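Chemist: only geometry, no sequence info:
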């Protein structure tokens, strides 16, 4: 299993950062312009705060540049909380396990945002030499980009 961790400090209150980060609009803003994530029909218009824990939520497509389907995520929220935290544990077309934990912690008037991504490539991909390292680089790039978008929106905090 591969793991990638990304942490940033942003100059906004944790509740504000959390509210945006768990909404479909916030998720897609962070992914833009490289990816757009569709929401399964049953959870459209809802946030992570509103969906059931431990149940399949449906299929979400990842669209390259908002147009070309490149992967899907069979979404499932494994845990919510304590505090401003979620743990998504899903499977994808390319990954037998995708686990995304996000924690937003107050730091005075600012916030610390941490993402921990763990994944296991599906067997055909896993057998290709270097595929795990390449996938880890892609995931790390995408989450550096997401955190860069957060810092752009809210400003960085010391």
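Modeler: Perfect, thanks for sending it. Quick caveat, the model's predicted, so the values are computed rather than measured.

Chemist: and the residue nearest to residue 11 when sequence neighbours are not counted, what's its pLDDT?
Modeler: Spatial nearest neighbour of residue 11, chain neighbours left out: residue 155 (3.9 Å); criterion: Cβ to Cβ, 6 or more residues apart in numbering. For every residue, glycine as well, the C-beta is placed using N, CA and C. If you check residue 155, the pLDDT there is 90.

Chemist: what of the one 3 residues further on?
Modeler: On the pLDDT scale, residue 158 is placed at 67.

Chemist: ok, residue 140 next?
Modeler: 98.

Chemist: mind checking the SS state of it?
Modeler: Secondary structure, DSSP: H, G, I helix; E, B strand; the rest coil: residue 140 is helix.

Chemist: just give me the residue right at the centre of the chain.
Modeler: The residue lying closest to the centre of the chain (Cα atoms, centre = their mean) is residue 100, at 5.8 Å.

Chemist: give me the contacts around the host helix or strand of that one.
Modeler: Here residue 100 sits within strand 95-107, counting by DSSP states H and E. With contact meaning Cβ atoms under 8 Å, 6 or more residues apart in numbering, strand 95-107 is reached by 1, 9, 13-14, 17-18, 21, 73, 78, 83-92, 111-123, 135, 157.

Chemist: picking that back up, separation between the residue nearest to the centre of the chain and residue 117?
Modeler: 5 Å (Cβ to Cβ, to the nearest Å).

Chemist: again, but for residue 29
Modeler: Applying Cβ to Cβ to residue 29 and residue 117 gives a distance of 19 Å.

Chemist: swap in residue 110?
Modeler: 23 Å.

Chemist: mind listing the strands for this protein?
Modeler: 2-10, 35-37, 56-64, 68-80, 85-92, 95-107, 110-121 (DSSP state E).
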